[in-house]
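A.B. asks: Sequence and computational prediction follow.
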Amino acid sequence: MDSFAGNSKRSFHIRSNSLPSKLHPVVDEVDEHLCRLKASEATSSSHSLCQKLGSLQDLQDCIDKLLLLPLTHQALVNNKSVDDLLEGSLKLLDLCVVAKDALSQMKELTHELKCVLRRRRGDDIARKVQKYLNSRKTIKKTIHKALKGMEKTSFQKSDESSEIVSLLKEAEAITYSSIESLLSFMAGQKFASKMSRWSLVSKLMQPKRVACKEEDENRNEVERMDVALSLITSHKSDFFVQVEDVQTSLKKLESSIHDLEEDLESLYRHLIKNRVSFLNILTC
């Protein structure tokens, strides 16, 4: 994942000069959307992810307009980079499908869990919690596999690339990066997170309550849910107190999944529309 992130960051700076402002207003509009997305902070919560997905939809709207321009047709026809753009657009759609499937599975799991928690039957809750955690492991593996596949993808501008093609490649790269953030959000904590020696010593020196509070604040909705359920299975605290905590986390997670599903589905439709526009240009 780190190598992909590095490639993505490099790709966001492939144009040393700004685009000629006289090309077309739409070109400037796309460039402005890209600048705002690149300047946005790293996403770690569902709210910030929804904002980024919304910004990506605005970007794809502008790209749709860009693809209708004659100057775009001229830039793409007989350009060697077009095949890369087509392949990249297909990879984006495949990645969206992975994210959509993961969200759909999590939505189903949270719904089942909520129904069981309402009945407050200890054995049923324990079984359903374990099913949720087992399914989460499968989802994580699928996401990690998809993220590893992303590491192999890089976006570099060749000397033959026009400014329009360069712009489209940047849009593709930042869309990849944003979907990567969404997948990382859904994966939650890594199976074995690495910690520097200093951060480990610092953590051990902190009072337990302070350390726990800081850890909880740094977790997203998915991670908090995983932790709350893990505490139930480990019997480290009062069962029904933990059930209350799970219900609170579950409510927030359900809301997050709903919002992310809507925004991702909208982005997916935009990406399909733009891929069709690419194909239409090449078949004209």
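C.D. replies: All right, it came through fine. Residues are numbered from 1 along each chain as shown.
A.B. asks: how about the helices in the stretch 51-200 of the chain?
C.D. replies: Remark: helices assigned in the stretch 51-200 of the chain by DSSP state H, counting those that start in this stretch are 70-76, 82-119, 122-151, 163-187, 197-205.
A.B. asks: Next, the buried residues of the second one.
C.D. replies: Same thing as helix 82-119. Residues of helix 82-119 classed as buried by neighbour count (16 or more other Cβ atoms under 10 Å): 82, 84-85, 88-89, 91-92, 95-96, 98-100, 102-103, 105-107, 109-110, 113-114, 116-117. In this view, the C-beta of every residue, glycine as well, is placed from N, C-alpha and C.
A.B. asks: okay, and for the chain, where does confidence drop off?
C.D. replies: Residue ranges of the chain with pLDDT under 70: 1-23, 41-44, 120-123, 150-161, 189-218, 235-240, 284.
A.B. asks: still on that earlier bit, can you tell which of the helices of the stretch 51-200 of the chain is closest to Ala228?
C.D. replies: Of all those, helix 122-151 sits nearest to Ala228, with 9.4 Å by Cβ to Cβ.
A.B. asks: of the helices of the stretch 51-200 of the chain, which approaches Leu267 most closely?
C.D. replies: Among the helices of the stretch 51-200 of the chain, the nearest to Leu267 by Cβ to Cβ is helix 82-119 (6.9 Å).
A.B. asks: Show me what the closest one packs onto, helices and strands only.
C.D. replies: Other elements packing on helix 82-119 under the criterion 3 or more Cβ pairs under 8 Å, 6 or more residues apart in numbering; DSSP states H and E are helix 122-151, helix 163-187, helix 239-283.
A.B. asks: and Gln74, which of these is closest to it?
C.D. replies: Closest approach to Gln74 among the helices and strands packed on helix 82-119 (Cβ to Cβ): helix 163-187, 8.5 Å.
A.B. asks: so what secondary structure elements neighbour the closest one?
C.D. replies: So helix 163-187, by 3+ Cβ pairs under 8 Å, 6+ apart, packs with helix 2-11, helix 25-39, helix 46-66, helix 70-76, helix 82-119, helix 122-151, helix 221-234, helix 239-283.
A.B. asks: related to what we said a few turns ago, buried deepest among the helices and strands packed on helix 82-119, which one?
C.D. replies: Mean neighbour count (mean count of other Cβ atoms under 10 Å) peaks for helix 163-187 among the helices and strands packed on helix 82-119, with a mean of 23.
A.B. asks: what angle do that one and helix 122-151 make?
C.D. replies: In terms of direction (axes from the mean of the first three to the mean of the last three Cα atoms, to 10 degrees), helix 163-187 departs from helix 122-151 by 160 degrees.
A.B. asks: got the angle for helix 163-187 vs helix 82-119?
C.D. replies: With the same axes, to 10 degrees applied, the angle from helix 163-187 to helix 82-119 works out at 20 degrees.
A.B. asks: re the thing from before, between the helices and strands packed on helix 163-187, which gets nearest to Ser181?
C.D. replies: With Cβ to Cβ as the yardstick, what comes closest out of the helices and strands packed on helix 163-187 is helix 46-66 (6.4 Å).
A.B. asks: so that closest one versus helix 163-187, what angle?
C.D. replies: Taking the same axes, to 10 degrees, one finds helix 46-66 and helix 163-187 inclined to each other by 160 degrees.
A.B. asks: contact partners of helix 46-66?
C.D. replies: Contacts to helix 46-66, defined as Cβ atoms under 8 Å, 6 or more residues apart in numbering, come from residues 24, 26-27, 29-30, 33-34, 36-37, 40-41, 43, 72, 164, 167-168, 171, 174-175, 178, 181-182, 185, 220-221, 255-256, 259-260, 263-264, 266-267, 270-271, 273-274, 277.
A.B. asks: list the buried ones in it?
C.D. replies: Result for helix 46-66 [16+ other Cβ under 10 Å]: buried residues 46, 48-50, 52-53, 55-57, 59-63, 65-66.
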